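Peer 1: quick one, fold the following:
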Amino acid sequence: MAQWDDEGRKVLVRYFASAAEAAGRDEELLPTVGTVGQLRALLVHEYGDAMARVLASGSFLVDGVVSRDDSFAVGNRVDVLPPFAGG
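Peer 2: Sure, this is the predicted structure:
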């Protein structure tokens, strides 16, 4: 399980499209975790296989910066983005 920030800070996590379907909500406040990898593990633990499928090919937008790097630091807001298609 991810280690929470001991200062009790929160991160706003917003879900879009299939990520919102997997989470059953559009957004939530979660205790801050250190990295995208820790957030990924937490979301899969909380929301199971449906979220794991989204995250396998989706990405995270951390304070406006797209990241698929599990060592990327989590900021104040994270958008969970499913894979996109189209032109």
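Peer 1: can you give me the strands for the chain?
Peer 2: Remark: strands assigned in the chain by DSSP state E are 10-15, 27-31, 59-62, 65-67, 77-81.
Peer 1: nearest to residue 52, of those strands?
Peer 2: The closest of the strands of the chain to residue 52 is strand 77-81. By Cβ to Cβ, the value is 12.2 Å. All C-beta spots, glycine's among them, are computed from the backbone N, C-alpha and C.
Peer 1: relative to strand 27-31, how tilted is the closest one?
Peer 2: Angle between the axes of strand 77-81 and strand 27-31 is 130 degrees (criterion: axes from the mean of the first three to the mean of the last three Cα atoms, to 10 degrees).
Peer 1: how about the closest residue to residue 20 other than its chain neighbours, phi and psi?
Peer 2: Spatial nearest neighbour of residue 20, excluding adjacent residues (Cβ to Cβ, 6 or more residues apart in numbering): residue 26 at 5.3 Å. Dihedral pair for residue 26: phi -90, psi -30, per degrees, to the nearest 10.
Peer 1: next, the contact list for residue 26, please.
Peer 2: Counting by Cβ atoms under 8 Å, 6 or more residues apart in numbering, residue 26 touches 14, 15, 20.
Peer 1: the same query, at a cut-off of 10 Å, please.
Peer 2: Applying Cβ atoms under 10 Å, 6 or more residues apart in numbering to residue 26 gives the contacts 13, 14, 15, 16, 19, 20.
Peer 1: could the residues you listed go into JSON lines alongside neighbour count?
Peer 2: Shown next, in JSON lines, are these (neighbours: other Cβ atoms under 10 Å):
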{"residue": "13", "neighbour count": "22"}
{"residue": "14", "neighbour count": "17"}
{"residue": "15", "neighbour count": "24"}
{"residue": "16", "neighbour count": "17"}
{"residue": "19", "neighbour count": "24"}
{"residue": "20", "neighbour count": "16"}
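Peer 1: closest to residue 72 among those residues?
Peer 2: Here the nearest of the contacts of residue 26 to residue 72, counting by Cβ to Cβ, is residue 13; it sits at 14.5 Å.
Peer 1: quick check, that closest one in contact with residue 40.
Peer 2: No: contact criterion Cβ atoms under 10 Å: residue 13 and residue 40 do not qualify, at 11.3 Å.
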